[in-house]
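> no sequence on this one, just coordinates:
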């Protein structure tokens with residue numbers, strides 16, 4: 001199964017701005033911070049429109065904990081969405097970041113995404129601020145499972161369950177009408193019997209684990225430049241690193257379509273598609289460097 005890309009319209013990038021970005025990246029020592037805009041070309045939409053307003057209302061952490069009915073709604077949507085979500089593959093922006101990392105221009109990579117596409121493209125040591133949808137954790141006993149295993153349990157518990165949706169969300173679920181999951185059966189942790197199985201990702205209203213935050217801060221503080229890619233920076237989870245870099249006098253370059261909440265702290269702001277910028281950076285900073293005698 002394939003999913004169609006949902007890319008915002010392209011716009012020309014000012015050559016002067018691109019050359020400033022190229023000079024910044026060519027120096028190396030870059031920490032990259034990526035958001036949902038990295039994966040739109042892979043068919044996974046971002047959360048917000050051009051005005052910064054949220055397109056969809058994701059499951060809240062407190063809501064998930066509140067009742068089995070809420071968990072049933074979440075897992076029915078996520079079960080349907082997972083088949084589409086896992087069909088997404090890395091796009092040329094992911095490949096470009098991986099190439100810049102291999103060449104040493106990008107040293108550390110922080111992502112707000114939960115799709116694992118950076119790793120699929122070849123990036124290593126990725127700091128996943130919000131976790132990864134491929135990992136499942138039992139909130140009652142802490143046991144961990146691989147997503148494919150839990151997906152199989154759900155299939156066995158719900159033989160013949162089908163539901164149609166033409167919308168996928170950045171956190172992997174889809175929109176379903178209430179009647180589509182009325183008979184959906186939750187599965188339970190095989191260790192403790194609890195139905196509190198949850199993807200090991202940070203739901204809205206939850207918080208990033210302190211060790212992960214500390215690791216990300218360390219990556220920012222040791223950088224010569226912070227490169228923000230495909231993030232609206234609407235939530236503090238990512239914006240705090242832009243503020244920290246700015247406070248330390250570390251240049252901040254932001255490349256994404258539309259305005260961001262962090263523009264006032266950016267040293268350089270490029271309103272453009274990553275697919276129009278990153279492959280060119282690889283050509284200029286990586287390919288040319290390897291061909292110079």
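Yes, it's here. As the structure is a prediction and not an experimental result, all values here were calculated from the model.
> can you map out the strands along the protein?
30-34, 106-111, 127-128, 131-138, 144-146, 197-201, 225-229, 252-256, 268-271 (DSSP state E).
> With residue 18 as the reference, name the closest of these.
strand 268-271 (7.2 Å; Cβ to Cβ). For every residue, glycine as well, the C-beta is placed using N, CA and C.
> Let me see the mean pLDDT of the closest one.
Average pLDDT, strand 268-271: 98.
> circling back to that earlier point, same list (the strands of the chain) but as a markdown table, adding distance to residue 214 and mean neighbour count.
Output for the strands of the chain, formatted as a markdown table (distance: least, Cβ to Cβ, whole Å; neighbours: other Cβ atoms under 10 Å):
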| stretch | distance to residue 214 | mean neighbour count |
| --- | --- | --- |
| strand 30-34 | 14 | 27 |
| strand 106-111 | 12 | 24 |
| strand 127-128 | 10 | 20 |
| strand 131-138 | 16 | 19 |
| strand 144-146 | 22 | 13 |
| strand 197-201 | 18 | 21 |
| strand 225-229 | 17 | 26 |
| strand 252-256 | 20 | 26 |
| strand 268-271 | 27 | 18 |
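> can you put those in JSON lines and add distance to residue 9?
Shown next, in JSON lines, are the strands of the chain (distance: least, Cβ to Cβ, whole Å):
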{"stretch": "strand 30-34", "distance to residue 9": "21"}
{"stretch": "strand 106-111", "distance to residue 9": "24"}
{"stretch": "strand 127-128", "distance to residue 9": "29"}
{"stretch": "strand 131-138", "distance to residue 9": "28"}
{"stretch": "strand 144-146", "distance to residue 9": "38"}
{"stretch": "strand 197-201", "distance to residue 9": "30"}
{"stretch": "strand 225-229", "distance to residue 9": "18"}
{"stretch": "strand 252-256", "distance to residue 9": "13"}
{"stretch": "strand 268-271", "distance to residue 9": "11"}
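> of these, which approaches residue 191 most closely?
Judging the strands of the chain by Cβ to Cβ, what sits closest to residue 191 is strand 131-138, at 6.7 Å.
> Give me the helices and strands touching that closest one, please.
Where contact means 3 or more Cβ pairs under 8 Å, 6 or more residues apart in numbering; DSSP states H and E, strand 131-138 is packed against strand 144-146, helix 147-157, strand 197-201.
> Tell me which of those approaches residue 246 most closely.
Once the helices and strands packed on strand 131-138 are compared by Cβ to Cβ, strand 197-201 is nearest, at 27.8 Å.
> Name the nearest residue to residue 130, sequence neighbours excluded.
residue 202 (4.3 Å; Cβ to Cβ, 6 or more residues apart in numbering).
> Residue 245 too?
Closest to residue 245 by Cβ to Cβ, 6+ apart is residue 226, at 4.2 Å.
> Poorly predicted segments of the stretch 101-250 of the chain, please.
164-175, 177-179 (pLDDT under 70).
> 80 instead, please
For the stretch 101-250 of the chain, the stretches with pLDDT under 80 are 162-180.
> from the chain's centre, how far out does stretch 244-260 sit?
18 Å (Cα atoms, centre = their mean, to the nearest Å).
> just stretch 275-285 next, same as before
21 Å.
> go on, stretch 62-76?
For stretch 62-76, the distance to the chain centre is 23 Å (Cα atoms, centre = their mean).
> Return the set of buried residues in it.
63, 64, 71, 72, 73, 74, 75, 76 (16 or more other Cβ atoms under 10 Å).
> residues contacting the nearest residue to residue 111 once chain neighbours are set aside?
The spatially closest residue to residue 111, leaving aside those adjacent along the chain, is residue 34, at 4.6 Å (Cβ to Cβ, 6+ apart). Neighbour list for residue 34: 97, 109, 110, 111, 112, 113, 118, 228, 229, 230, 231 [criterion: Cβ atoms under 8 Å, 6 or more residues apart in numbering].
> again, 7 Å this time
111, 112, 113, 229, 230, 231 (Cβ atoms under 7 Å, 6 or more residues apart in numbering).
> and the second one, what does it touch?
By Cβ under 7 Å, 6+ apart, residue 112 lies in contact with 34, 35, 129, 130, 231, 237, 238.
> Could you report the neighbour count for the closest residue to residue 213 other than its chain neighbours?
Closest residue in space to residue 213, ignoring its immediate chain neighbours: residue 129 at 7.8 Å, by Cβ to Cβ, 6+ apart. Residue 129 is flanked by 24 other residues according to other Cβ atoms under 10 Å.
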